[in-house]
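[1] Output the structure for:
(one chain, ligands or ions: 2)
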Amino acid sequence: MQYFDKNGVAVIEANFAEQVKEASGTEINRCYQCLTCSLGCPSAFAMDYLPHQIVRMVQIGLREQVLTSSTIWVCADCQACATRCPNEVDIVRIMDVLREISLREGFVKERSVADFHRIFLGNIEQWGRQHELSLILKLKLKTRDLFSDLLPGIKMLMKGKLKLLPERFKEIEKVRDIFRGAEK
Ligand code: SF4
Ligand code: SF4
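    Numbers count the residues shown, from 1 in each chain. Ligands and ions are numbered 1, 2, ... in the order given. As a prediction, the model looks like this:
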């Protein structure tokens, strides 16, 4: 990845913030780096850049660092940051947009991450909600990693933590409309 030019200066893409702002519908320049989002983020321990750092990096145009970071995939979309931000910066939507660009432009380093993302969204489109067992099985087949985590998976199944059959959301067509809208 080309983070720095031949003179060791960070590669900046000036219109990156504008692109993210437009796609996410959130006013990214309102962020004044108060750190509230990062201090309350339950996934921060596993991130290479904290949420407030990602926002700053988008503001200044560090496109490749952002699109190759683990943070955008580690984010659990829990909304804790967006609900606490004093400036209504919707980090959840920003993370969504960054994942979409990262996938579309081939920045994802690990194939299984992209596979997980596609299968996760495919299930939501199919049933309107997630069905964890089919998510696991589809991912296992796709990655050909059939036997890791087998025992914990069986235990969860036996304890009733994983539903055998998916349930379809009653208003599935509304969910599919959202997907159709996003594809346009
Ligand atoms: S909470 Fe909002 S204003 Fe504060 S650093 Fe995070 S995004 Fe920026
Ligand atoms: S939505 Fe993502 S970035 Fe925000 S608090 Fe939750 S895990 Fe952290």
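[2] what helices or strands is the longest helix anywhere in the chain leaning on?
    Under DSSP state H, the helix in the chain containing the largest number of residues is helix 111-127. Contacts defined by 3 or more Cβ pairs under 8 Å, 6 or more residues apart in numbering; DSSP states H and E place helix 111-127 against helix 91-104, helix 132-143, helix 172-183. In this view, the C-beta of every residue, glycine as well, is placed from N, C-alpha and C.
[3] Tabulate these in TSV, adding columns for mean neighbour count.
    Converted to TSV, the helices and strands packed on helix 111-127 look like this (neighbours: other Cβ atoms under 10 Å):
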stretch	mean neighbour count
helix 91-104	19
helix 132-143	16
helix 172-183	11
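[4] residues of the longest helix of the chain that come out buried?
    113-117, 119, 123-124, 127 (16 or more other Cβ atoms under 10 Å).
[5] out of the residues you listed, which one sits closest to Leu137?
    When the buried residues of helix 111-127 are compared for distance to Leu137 (Cβ to Cβ), Ile119 wins out at 9.5 Å.
[6] which one is that closest one nearest to, not counting chain neighbours?
    The spatial neighbour of Ile119 that comes closest, neighbours along the chain excluded (Cβ to Cβ, 6 or more residues apart in numbering), is Lys138 at 4.7 Å.
[7] Report the contact partners of the one you found.
    Going by Cβ atoms under 8 Å, 6 or more residues apart in numbering, Lys138 touches 119, 122-123.
[8] same deal with Leu165?
    The neighbourhood of Leu165, defined by Cβ under 8 Å, 6+ apart, consists of His131.
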